[in-house]
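In: Fold the following and give me the result.
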Amino acid sequence: MTQDELKALVGQAALQYVIPGEVVGVGTGSTVNKFIDALASMKDQIPGAVSSSEASTARMRTLGIPVLDASEVTELSVYIDGADEIDARGFMVKGGGAALTREKIVAAMSRRFVCIADESKMVPVLGAFPLPVEVIPMAAARLMRQFQQLGGKAHVRLKDGQPLVTDNGQHILDVTGLQITDPLGFENQVNQWPGVVTVGVFAHQKADVCLLGTPGGVKTLSF
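Out: Predicted coordinates:
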C-alpha cells in the first residue's frame, strides 16, 4: 500500500470521530487533505469547521464545507490533524506545513485531539524531524543561538530563496540535532523565550487518539 493510500485510509477512518451537529476542528497537511475530502461526504451533517490554515480553508470551501471563524466558536468537540512525529505517549512535533500556531490554537479549543498519520511518523523519541518554531523575525538570530546552546542547529526556512512568511506574517526556524525526551519541559522552556510565537512541540495539546495507517489497516492508539 502506498503512503498516499495509507493517508486516505486514516482520513476516512477519522470521520467516525466527527459528531453530527457539532463544529469540527480541521488541521493542515497532505494527510488532512484526505480527511477534508472524506469530510465533504458528510458536510450537510455539520454546521461547519474551524480551520488551522489558509490552505485548508480554501480546500474546504472548494468542497462546499462551511468554514467558521474561531472567534464564533466557544469549543470544538474534536480536532483532527496530522503530525510530523508522534511518540508512544501522544506527544507530537508539528509545523512542517508552517501552520503550527493556528494548529495549536484550534487544538486548545478542542475537547479531543485525533491525530491521523502513517506509521512512519511514530518515533521512540521526538527530534529527528527538524523542529519548526514560528518566530518574530527580529528575534531569529538570537533564538538560533539559544537553540545552539541546547545542542541544536537552527536555520530560517526559505521559500523561493526568501524567508518563508507564515499565515501570521512571521518566520519559521527549523531546528535539527535535538532529542526531545521531556516534551512538556521542553515546550515550557522554549515558550519563555522572547520572540518565540509557537514551538512545534505539542505536549500541552497532545493527541488523545492516533489513527495510524499501516499496511494491515488502521491501528487505533489511545493515550
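In: can we go C-alpha only for contacts and neighbour counts from here?
Out: OK.
In: Could you give the average pLDDT over the helix or strand that contains residue 7?
Out: Using DSSP states H and E, residue 7 maps to helix 3-13. Per-residue pLDDT values over helix 3-13 give a mean of 93.
In: Export it to CSV, keeping only CA atoms.
Out: Coordinates of each C-alpha in helix 3-13 appear next as CSV, following Å, rounded to 0.1, in the frame of the first residue of the first chain:
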residue,chain,number,x,y,z
GLN,A,3,1.8,6.3,1.5
ASP,A,4,-0.9,8.1,-0.3
GLU,A,5,-3.3,5.2,0.1
LEU,A,6,-2.4,5.0,3.8
LYS,A,7,-3.2,8.7,4.2
ALA,A,8,-6.6,8.2,2.5
LEU,A,9,-7.3,5.2,4.8
VAL,A,10,-6.7,7.2,8.0
GLY,A,11,-8.5,10.3,6.6
GLN,A,12,-11.6,8.1,6.0
ALA,A,13,-11.3,6.5,9.4
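In: Using the record's domain definitions, break this structure down for me.
Out: Per the record's domain assignment (automatic domain parsing), the chain is made up of the domains 3-123+204-222, 131-199.
In: Make a markdown table from the ones you listed and add mean neighbour count to it.
Out: Written out in a markdown table, the entries for these read as follows (neighbours: other CA atoms under 10 Å):
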| stretch | mean neighbour count |
| --- | --- |
| domain 3-123+204-222 | 20 |
| domain 131-199 | 17 |
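In: circling back: helices or strands next to the helix holding residue 7 in the packing?
Out: Under the contact definition 3 or more CA pairs under 8 Å, 6 or more residues apart in numbering; DSSP states H and E, helix 3-13 sits against helix 30-39, strand 113-118, strand 209-214, strand 217-222.
In: Can you give the contact residues for it?
Out: When contacts are taken as CA atoms under 8 Å, 6 or more residues apart in numbering, the neighbours of helix 3-13 outside the stretch itself are 30-36, 38, 116-118, 211-215, 217-218.
In: same thing but at 7 Å, please
Out: With contacts defined as CA atoms under 7 Å, 6 or more residues apart in numbering, helix 3-13 is touched by 31-32, 34-35, 38, 116-118, 211-214, 218.
In: cool, and stretch 131-149?
Out: By CA under 7 Å, 6+ apart, the surrounding residues in contact with stretch 131-149 are 93, 95-96, 153-154, 170-176, 195-200.
In: one more time with 8 Å
Out: Applying CA under 8 Å, 6+ apart, the external contacts of stretch 131-149 come out as 93-96, 98, 100-101, 153-156, 170-176, 193-201.
In: Read off the pLDDT value for the residue nearest the centre of the chain.
Out: For the chain, the residue nearest the mean C-alpha position is residue 94 (4.5 Å; CA atoms, centre = their mean). We note a pLDDT of 98 for residue 94 in this prediction.
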